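**Q** Mind folding the following:
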Amino acid sequence: MKKNVLCLLGLFLAGLTLFSCSKDDKGGGSAIETESPVSIHLNISDKTIVPDHIQLEVLNTETGQKKDFKYAEQISSLKISLLPGVYTFTVSATSNTGTKVFNLIGKKENVSIVKGENAVTLDLLLQKSSSGFVFKEMAYAGFTENETNKAYIWASYFIIHNNSTETLYADSLVFGVSAGNTKLPSVNENIVKRLPAVGASSLLMIPGNGKSVAVGPGKDLVVALLAKNHHSVSDNAPDLSGADFEWGENTEVYPLEDNPQVPNLVSLHKESRSFTMLHMRGLSSYFIFKLDRPYKEFLKTFGHEDKYPNPTVPPVMRPYIPDSMILDGIEQSDGETIVQKVLPSSVDLTHTFISEMGKGLTIQRKIASKVGDIVILQDTNDSMNDFLRDQPSSLLKK
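**A** Model prediction:
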């Protein structure tokens with residue numbers, strides 16, 4: 001009897017051991033996870049464009065692991081398998097119609113993949129090709145005043161770069177500030193529904209007769225809020241007295257100091273009662289485009305009357321710039337996350353930011369290559385990929 005009990009106990013323990021081993025992942029103490037099928041549908045509004053040479057990058061945001069998939073044939077849906085988790089899907093593709101090659105790009109973040117069948121839809125957008133003019137650098141987060149150690153806002157600037165190997169003309173090049181705010185969805189009700197056209201709260205234009213402002217290949221235009229020597233006030237701010245242009249928005253409410261040696265931009269549209277200010281926290285986004293007609297005609301075609309969330313504020317006739325006209329854009333936020341995109345993904349797939357205010361930091365576009373002495377900057381319409389964050393001003397004297 002005792003012998004039989006010992007035998008049964010031994011068989012029980014042996015079975016328990018086998019059961020435990022079968023649940024372990026190579027002895028790691030956790031169950032072996034199996035991959036689940038994922039069907040990815042590629043959605044393109046223009047049905048005449050069929051994507052080929054598709055590259056899919058899948059990032060597991062929990063583990064940081066990436067998987068890359070390549071598909072050469074013309075297809076509109078992809079089949080892959082993934083472990084359960086939270087993922088970011090990024091697709092780039094081309095489409096050869098026989099007469100023209102289109103570049104397409106799409107991205108979807110925070111997608112939960114669960115056990116069993118999964119389906120994901122990615123909207124593919126035509127990627128904007130650079131016209132030659134791109135943003136090179138932007139300083140909006142403030143500097144540090146020497147005497148008070150407080151934030152100094154007056155040295156804001158941006159740099160436009162001719163990213164081509166030919167001389168271009170910046171006449172009628174317009175700098176736009178988005179009306180939408182990337183962290184306050186309440187102000188975006190009218191704005192987001194009109195994407196991919198971008199609503200502007202401010203438009204500032206470089207004056208000229210068509211060939212007045214020549215920009216050589218690889219050369220820059222520096223545009224300052226105030227074209228003065230800010231370095232004498234703040235050690236981490238540059239001397240902008242030699243800027244190519246300044247804002248020049250002198251108003252009765254808040255007149256700006258004017259440098260008569262530096263030409264002013266032309267203010268086409270401004271919703272602020274004072275002057276156009278770059279958002280210190282980075283909650284406004286920015287873009288450039290060429291005005292192809294008198295502004296009154298442009299507004300007649302592309303203007304929409306928008307109501308403010310505050311009913312006591314009268315409606316505004318706001319310009320909406322079609323994404324097809326936008327040459328370059330930078331989506332901004334105040335950190336890694338973004339609540340609401342206000343630039344279409346065809347202009348900027350992601351966003352970038354400056355980590356600290358009042359420290360004299362800037363965002364600067366990466367260098368892609370050189371053609372002789374001409375610097376070609378990286379321009380993939382993906383700010384998170386194209387820009388270096390938290391850089392000291394490149395205009396500070398070494």
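**Q** Can you show me the helices along the stretch 101-250 of the chain?
**A** Applying DSSP state H, counting those that start in this stretch to the stretch 101-250 of the chain gives helices spanning 189-192.
**Q** the strands in it, which residues?
**A** Assignment of strands within the stretch 101-250 of the chain using DSSP state E, counting those that start in this stretch yields the ranges 101-113, 118-123, 125-126, 133-139, 143-144, 151-152, 157-162, 168-169, 173-178, 198-205, 214-215, 220-224, 245-246.
**Q** of all those strands, which lies closest to residue 286?
**A** Comparing the strands of the stretch 101-250 of the chain against residue 286 with C-beta to C-beta, the closest turns out to be strand 173-178 (6.1 Å). All C-beta spots, glycine's among them, are computed from the backbone N, C-alpha and C.
**Q** Can you check what angle separates that closest one from strand 157-162?
**A** Angle of strand 173-178 versus strand 157-162, following axes from the mean of the first three to the mean of the last three C-alpha atoms, to 10 degrees, is 130 degrees.
**Q** angle of strand 173-178 against strand 198-205?
**A** Between the axis of strand 173-178 and that of strand 198-205 there is an angle of 140 degrees, by the same axes, to 10 degrees.
**Q** can you give me how far strand 173-178 is from the chain middle?
**A** Mean-position distance between strand 173-178 and its chain equals 15 Å (C-alpha atoms, centre = their mean, to the nearest Å).
**Q** Tell me which strands it pairs with, and in which orientation.
**A** Strand 173-178 pairs in its sheet with strand 198-205 (antiparallel), strand 286-290 (antiparallel), by DSSP bridges.
**Q** Any chance of these in JSON lines with mean pLDDT as columns?
**A** Formatted as JSON lines, these follow (pLDDT from 0 to 100):
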{"stretch": "strand 198-205", "mean pLDDT": "96"}
{"stretch": "strand 286-290", "mean pLDDT": "97"}
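**Q** now those in JSON lines, with mean neighbour count?
**A** Formatted as JSON lines, the strands paired with strand 173-178 follow (neighbours: other C-beta atoms under 10 Å):
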{"stretch": "strand 198-205", "mean neighbour count": "24"}
{"stretch": "strand 286-290", "mean neighbour count": "23"}
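**Q** Out of these, which gets nearest to residue 346?
**A** By C-beta to C-beta (comparing all of the strands paired with strand 173-178), the closest turns out to be strand 198-205, at 10.6 Å.
**Q** Name the residues that touch that closest one?
**A** Applying C-beta atoms under 8 Å, 6 or more residues apart in numbering, the contact partners of strand 198-205 are 172-180, 190-191, 247, 249, 265-272, 276, 284, 287, 291, 295, 304, 306, 318-321, 323, 326, 329, 342-344, 347.
**Q** Can I have the buried ones of these as a ChimeraX selection?
**A** Of the contacts of strand 198-205, the buried ones can be selected in ChimeraX as follows, counting by 16 or more other C-beta atoms under 10 Å:
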select :172,173,174,175,176,177,178,179,180,190,191,247,249,265,266,267,268,269,270,276,284,287,291,295,304,306,318,319,320,321,323,326,329,342,343,344,347
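**Q** what about residue 277, neighbour count?
**A** Neighbours of residue 277 under the rule other C-beta atoms under 10 Å: 18.
**Q** Now do the same for it: its pLDDT.
**A** pLDDT recorded at residue 277 is 89.
**Q** Then residue 338?
**A** On the pLDDT scale, residue 338 gets 89.
**Q** Now do the contacts for it.
**A** By C-beta under 8 Å, 6+ apart, the contact list for residue 338 reads 182-183, 331, 351.
**Q** which of the residues you listed tops the neighbour count?
**A** The most crowded member of the contacts of residue 338, judged by other C-beta under 10 Å, is residue 331 (28 neighbours).
**Q** so what's the backbone phi/psi at the closest residue in space to it that isn't next to it in sequence?
**A** Of all residues not flanking residue 331 in the chain, residue 351 sits nearest, at 3.8 Å (C-beta to C-beta, 6 or more residues apart in numbering). Main-chain dihedrals, residue 351, degrees, to the nearest 10: phi -160, psi 170.
**Q** one step back: wait, which of the strands of the stretch 101-250 of the chain is closest to residue 76?
**A** Going by C-beta to C-beta, the one of those nearest residue 76 is strand 118-123, 10.5 Å.
**Q** Could you check how far the closest one is from the centre of its chain?
**A** With C-alpha atoms, centre = their mean as the basis, strand 118-123 stands 22 Å off its chain's centre.
**Q** Give me the sheet partners of it and which way each runs.
**A** Under the criterion DSSP bridges, strand 118-123 sits next to strand 36-43 (parallel) in its sheet.
**Q** Could you pull up the mean pLDDT of the partner strand?
**A** For strand 36-43, the mean pLDDT works out to 94.
**Q** any idea of the angle it forms with strand 101-113?
**A** Angle, strand 36-43 to strand 101-113, by the same axes, to 10 degrees: 140 degrees.
**Q** Mind listing what's buried along strand 36-43?
**A** Neighbour-count burial for strand 36-43, with 16+ other C-beta under 10 Å as criterion, is recorded at 36, 38, 40, 42.
**Q** what lines up beside the following helix or strand past it in the sheet?
**A** Sequence-wise, the next helix or strand downstream of strand 36-43 (DSSP states H and E) is strand 52-60. If you go by DSSP bridges, strand 52-60 pairs up with strand 66-71 (antiparallel), strand 85-96 (antiparallel).
**Q** before we move on, the earlier item: for the contacts of residue 338, which one is nearest residue 135?
**A** The closest of the contacts of residue 338 to residue 135 turns out to be residue 331 (C-beta to C-beta; 11.4 Å).
**Q** Kindly provide the distance from the closest one to residue 181.
**A** Between residue 331 and residue 181 the computed distance is 12 Å (C-beta to C-beta, to the nearest Å).
**Q** so where's the stretch 251-398 of the chain uncertain?
**A** Scanning the stretch 251-398 of the chain for pLDDT under 70 picks out 398.
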